[in-house]
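# mind folding the following:
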Amino acid sequence: MDDANARTGVKMTLVIFAALICNVPETAVAQSELTRREIVRAGPATLQVTIRGEGEPIVFIPSRGRDVQDFDALSNRLAQAGYQVILPEPRAIGGSTGPLKDITYHDLASDVAATIESLVGRPATVIGHDFGNRIARTLASDYPCLVKQLILLSAGGMVPRSPEMEKLTTHFWESALSREDRLTAIRKIFFAAGNDVPRTWEEGWYFEVARAQRASDARTSLKEWWAGGSAPMLVVQGTEDVVALPENAKRLAAEFPERVTLVEIPHAGHALLPEQPEQVERAILAYLRSRVGTQ
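I've put the predicted structure just below:
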């Protein structure tokens, strides 16, 4: 090949490469550029925090024995909608460390408070799923100046589950089960009948962390966190949840009608997010947009 042909070939390669770059969705490029990781010191704990997007801050607290990857789809969608999403990993999960012995909800809420103080410096919206909503409500009770509003997914606490379900959940958390038996338990406990269990929920369990979190239940009385301070709340509740029974959400709404909005999601159990992601996303975005300018 002569020099002229070589130069032409290089130019064509560059044109094709440029075209490929230009065809990448702008939102994907923006997301990649705006995603970063930070380390936050929170007393005896060190937290690894993922931050994505920019705008009004939203902090996420995951379910019992789970990590923040459960919020991947939802947090990405909220970042694309113009919010900054902040995802601290719980103690002893991922890059986060900290003592688990004799902890209470207040210890774990202080981790989230340190995250907001360090990375936000003003009140933030806080989303908590399952056990995470207990910590979110404790946070709002202990640090009201750091919480703009709460979004609770699968909000339990007051109305007990059935004795059969209590036995099943205890067996799930405390026993070494085969993969097949564990998957059967996951279907019964966390998912509405007929809903598929995604691979992310077949895996991703941190049982040592979950056992420490379960022990913290007994060390933190209901009155210390149930009300969620004085923060406005959106409660997103699966109608077929057999762990955090829907009656809990209804009682919250009845007790605090001036600050609780309840949205029920049909054909969703306790997992909720992987079961009905679009409905959950719509409910959250509608609530956030309705709250613009209220605080």
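# against which helices or strands is the helix or strand harbouring T138 packed?
Using DSSP states H and E, T138 sits within helix 131-142. Contacting helix 131-142 under the criterion 3 or more Cβ pairs under 8 Å, 6 or more residues apart in numbering; DSSP states H and E are the following elements: strand 56-61, helix 105-119, strand 124-129, strand 147-153. In this view, the C-beta of every residue, glycine as well, is placed from N, C-alpha and C.
# pull out the buried positions in stretch 76-89.
Neighbour counts over stretch 76-89 (16 or more other Cβ atoms under 10 Å) mark N76, R77, L78, A79, Q80, Y83, Q84, V85, I86, L87, P88, E89 as buried.
# so the third one makes contact with I58?
Yes - between L78 and I58 there is a contact under Cβ atoms under 8 Å: 6.0 Å.
# okay, and the common contacts of these two?
Common contacts of L78 and I58, defined by Cβ atoms under 8 Å, 6 or more residues apart in numbering, comprise V85.
# show me the contact partners of stretch 107-121.
Around stretch 107-121, the neighbours that count as contacts under Cβ under 8 Å, 6+ apart are 38, 40-43, 45, 47, 49, 51, 57, 59, 61, 86, 88, 90-91, 98, 123-124, 126, 135-136, 138-139, 142-143, 146, 213, 216.
# could I get the average pLDDT for it?
Confidence for stretch 107-121, expressed as mean pLDDT, is 98.
# same thing with stretch 158-171?
For stretch 158-171, the per-residue pLDDT averages 96.
# need the contact partners of it.
Contacts of stretch 158-171 (Cβ under 8 Å, 6+ apart): L177, A185, K188, I189, L222, W226, V242, V243, L245, E247, N248, R251.
# and what of stretch 263-282?
When contacts are defined by Cβ under 8 Å, 6+ apart, stretch 263-282 is touched by residues 70-71, 73-74, 77-78, 129-130, 153-154, 189-192, 194-195, 197-198, 200-201, 234-244, 246, 249, 283, 287.
# let me know how buried G128 is, in neighbour terms.
G128 has 27 neighbouring residues, counting by other Cβ atoms under 10 Å.
# please apply the same query to A254.
Here the number of neighbours of A254 (other Cβ under 10 Å) works out to 10.
# tell me how far the helix or strand harbouring it is from the chain's mean position?
Here A254 is covered by helix 246-255, with elements defined by DSSP H and E. Its chain's C-alpha centre and that of helix 246-255 lie 21 Å apart, by Cα atoms, centre = their mean, to the nearest Å.
# return the set of buried residues in stretch 139-159.
139-143, 146-157.
# for stretch 135-151, measure first residue to last.
One end of stretch 135-151 to the other measures 12 Å (Cα to Cα, to the nearest Å).
# wasn't I39 part of a helix?
No - when DSSP: H, G, I helix; E, B strand; the rest coil is applied, I39 is found to be strand, with no helix at that position.
# let me see the domain layout of this protein.
1-26, 35-290 (automatic domain parsing).
# rank these by mean pLDDT and give me the bottom one.
domain 1-26 (a mean of 38).
# please point out which parts of stretch 214-227 sit buried.
Within stretch 214-227, the residues that count as buried by 16+ other Cβ under 10 Å are R214, S216, T220, E224, W225, W226, A227.
# go on, stretch 66-74?
R66, D67, V68, Q69, D70, F71, A73, L74.
# secondary structure and distance to A271 added to those residues, as TSV?
Converted to TSV, the buried residues of stretch 66-74 look like this (DSSP: H, G, I helix; E, B strand; the rest coil; distance: Cβ to Cβ, whole Å):
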residue	secondary structure	distance to A271
R66	coil	10
D67	coil	14
V68	helix	15
Q69	helix	14
D70	helix	9
F71	helix	13
A73	helix	13
L74	helix	13
